[in-house]
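J.: show me the folded form of this:
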Amino acid sequence: KNELGNGRRKRMKDMVLGPESAREIMQDLAERLLRPAAAAIDLSEAYPFDHAKALAAAGISGMTMPVEYGGSGASFETACVAVEEAAKACGISGRIVVDTNMGAVPAIMAFGTPAQKGRTGELVRGGDKP
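T.: Below is the predicted model:
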């Protein structure tokens, strides 16, 4: 078994990316990790670092980044599907998917220096708090 809990599945970044691949991976992750912890996270208001790490390990975080910086070059449509599935299970996890694929991350990838792009890629791939 790999980090997705299913030996037949590959990390998202190693797959042909599309909305249905994102949906399948996120539904699996939501059932195993996100949904069971959502209520406790909401009550504690703690940042779910384990969710951030799992999203990164699955290739969800940063999937819209270029391949050369550790992403998959996935479309925003694919990212939106992942956000939708994560948010159904756990609101803050949906926000993590947004923060690691939209907004500042693509702006840095489009306009940052190579060093900024590299550092952003490292942080996002590592499951750091966005």
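
J.: next up, the contacts around Gly94.
T.: For Gly94, the contacting residues are Val83, Glu84, Ala86, Ala87, Lys88, by Cβ atoms under 8 Å, 6 or more residues apart in numbering. For every residue, glycine as well, the C-beta is placed using N, CA and C.

J.: element containing the second one, please.
T.: With elements delineated by DSSP states H and E, Glu84 resides in helix 76-89, which encompasses its position.

J.: helices of this structure, residue ranges please.
T.: 19-29, 35-44, 49-57, 76-89, 91-99, 104-111, 114-125 (DSSP state H).

J.: please name every helix or strand in contact with the longest one.
T.: Judged by 3 or more Cβ pairs under 8 Å, 6 or more residues apart in numbering; DSSP states H and E, helix 76-89 is in contact with helix 19-29, helix 91-99.

J.: same list (those) but as CSV, adding mean pLDDT and distance to Arg35.
T.: CSV is the format used below for those (pLDDT from 0 to 100; distance: least, Cβ to Cβ, whole Å):
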stretch, mean pLDDT, distance to Arg35
helix 19-29, 96, 9
helix 91-99, 97, 9
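
J.: Asp50 - how many residues pack around it?
T.: Neighbour count for Asp50, taken as other Cβ atoms under 10 Å: 13.

J.: cool, and the one 10 residues further on?
T.: Using other Cβ under 10 Å, the number of residues around Ile60 comes to 29.

J.: is it true that it touches Ile25?
T.: Yes: taking contacts as Cβ atoms under 8 Å, Ile60 lies within contact range of Ile25: 6.8 Å.

J.: where in this protein is pLDDT low?
T.: The model of the chain has pLDDT under 70 over residues 1-16.
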